[in-house]
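**Q** take this sequence and fold it.
(chains A and B)
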Amino acid sequence: MRIATWNVNSLRARVGRVEEWLGYARPDILCLQETKLADAAFPALAFGALGYESAHWGQGQWNGVAILSRIGIADVSAGFDLSAASTGPDDATGEARVLWATCGGVRVGSVYVPNGRMVGTSHYEAKLHWLECLRRQLAERDPAEPLVVCGDFNVAPDDRDVWDPTKLHGATHVSPPEREALRALAEWGLVDAFRRRYSQDRLYSWWDYRAGDFHQHRGLRIDLVLATATLAETTSFALIDRNARKGKAPSDHAPLLVDFEYPPASHEASSPTTVNSASP
DNA sequence: ATGTCGTCCGCGGGACGA
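**A** Predicted structure coming up:
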């Protein structure tokens, strides 16, 4: 099962590139962030023509999250089930930033974590609160189930994920409280699937449009596929597709895809074809 | 480099967010 995530920075501006990418990457599930569309403007028919069912939660100009699936999509749920009051003027928990669906037996979340702007601002506090709400939402589920949370977390998990930690020291995306919020998700049972396959630094998923940052390798790894152990242990392949960050009118993020050997192959289901093609 | 994109309004280019 191939699961992918991509912050497209406006789906209206990017739909052609997303269609092109679906055509060659062929994920079973694709989570999108920053569609920046109202639900009525979501191009469900275009994705349908490529074999994908979809769910979208948009709010127009900002944010917007979606899930595309060619292995079924059910039990769609948008947002947090919040009984708690908002925490401030810049509270983001009601914004279109989290969408859930069940696809091929896997519970899938597509998330767009608030940016936070500057450490110490109300936007930064709202980011930490939003991440705590995500943790609470997960805590209501069973970490033994196959589940992934995919998206733009706007946090680089550790210094390998940052082009120059000294330049970003004290900034958002790398601050200890933000990283602690990711660790809290890991403590619940989520594993960074990309890190099951790669341990080196300089493997980024986002580059600023400005100053030639992409070509100078000045980026951050902030787009993640976090999976529960039952899935994560089957990770067979992962890739940040830098080619999708090149060329005409790219998003500032590259898509991340992860292959899981899930559901596990049954030992009793080998077909004659499999037997005939086996090595001697 | 205050470096680039996307949105909006609204018809030219400024304001804002990332």
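**Q** can you pull out the helices in the stretch 101-250 of chain A?
**A** Assigned helices in the stretch 101-250 of chain A, in chain order: A:122-139, A:176-188, A:229-232 (criterion: DSSP state H, counting those that start in this stretch).
**Q** ok, residues contacting the shortest one?
**A** The set of residues that contact helix A:229-232 without belonging to it, under Cβ atoms under 8 Å, 6 or more residues apart in numbering, is A:106, A:143-148, A:189, A:191, A:193, A:196, A:260, A:262. All C-beta atoms are positioned from the backbone trio N, CA, C, and that covers glycine.
**Q** in CSV, list the residues you listed along with pLDDT, neighbour count and distance to A:Thr121.
**A** As requested, these are arranged in CSV below (pLDDT from 0 to 100; neighbours: other Cβ atoms under 10 Å; distance: Cβ to Cβ, whole Å):
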residue, pLDDT, neighbour count, distance to A:Thr121
A:Val106, 98, 24, 36
A:Pro143, 98, 14, 33
A:Ala144, 98, 10, 38
A:Glu145, 98, 13, 36
A:Pro146, 98, 21, 37
A:Leu147, 98, 22, 32
A:Val148, 98, 28, 31
A:Gly189, 98, 19, 31
A:Val191, 98, 19, 31
A:Ala193, 98, 24, 31
A:Arg196, 98, 19, 35
A:Phe260, 98, 26, 38
A:Tyr262, 95, 20, 40
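**Q** and those residues, which of them are in strands?
**A** Secondary structure assignment by DSSP state E places A:Val106, A:Leu147, A:Val148, A:Val191, A:Phe260 of those in strands.
**Q** any idea how far the residue nearest the centre of chain A is from A:Glu34?
**A** Centroid check for chain A by Cα atoms, centre = their mean gives A:Gly151 as the closest residue, at 1.9 Å. With the distance defined as Cβ to Cβ, to the nearest Å, A:Gly151 ends up 10 Å from A:Glu34.
**Q** what does A:His123 give?
**A** As for A:His123, its distance to A:Glu34 is 16 Å (criterion: Cβ to Cβ).
**Q** of these two, give the one with the bigger neighbour count.
**A** The residue with the greater number of neighbours, taking A:His123 and A:Glu34 and applying other Cβ atoms under 10 Å, is A:Glu34; the counts read 25 against 19.
**Q** please report how far the more buried one lies from DNA strand B.
**A** Applying Cβ to the nearest atom of the strand, to the nearest Å, the value for A:Glu34 to DNA strand B is 7 Å.
**Q** next, show the common contact partners of A:Gly151 and A:Glu34.
**A** Taking Cβ under 8 Å, 6+ apart as the contact criterion, the common neighbours of A:Gly151 and A:Glu34 are A:Asn7, A:Tyr112.
**Q** now do the strands in chain A.
**A** Listed in chain order, the strands of chain A (DSSP E) span A:2-7, A:29-33, A:53-57, A:65-69, A:74-78, A:98-103, A:106-112, A:147-152, A:190-192, A:206-207, A:219-220, A:223-228, A:235-240, A:256-260.
**Q** please identify the most buried of those.
**A** Between the strands of chain A, strand A:29-33 has the highest mean count of neighbours, a mean of 29, where neighbours are mean count of other Cβ atoms under 10 Å.
**Q** what is the mean pLDDT for that one?
**A** Mean pLDDT, strand A:29-33: 98.
**Q** contacting residues around it?
**A** Contacts of strand A:29-33 (Cβ under 8 Å, 6+ apart): A:1-8, A:11, A:18, A:22, A:52, A:64-71, A:103-104, A:106, A:108-112, A:150-152, A:255.
**Q** name every strand pairing with that strand and say which way it goes.
**A** strand A:2-7 (parallel), strand A:65-69 (antiparallel) (DSSP bridges).
**Q** so which residues on chain A come close to DNA strand B?
**A** With the criterion set to Cβ under 7 Å from any atom of the strand, chain A comes near DNA strand B through A:9-10, A:12-14, A:36, A:60-62, A:114-115, A:117, A:123, A:209-211, A:249.
**Q** low-confidence ranges in chain A?
**A** Screening chain A residue by residue with the criterion pLDDT under 70, one finds the ranges A:82-86, A:267-280.
**Q** of all the strands paired with strand A:29-33, which one is nearest A:Glu180?
**A** The closest approach between A:Glu180 and any of those, judged by Cβ to Cβ, belongs to strand A:2-7 at 22.4 Å.
**Q** done for today, thanks.
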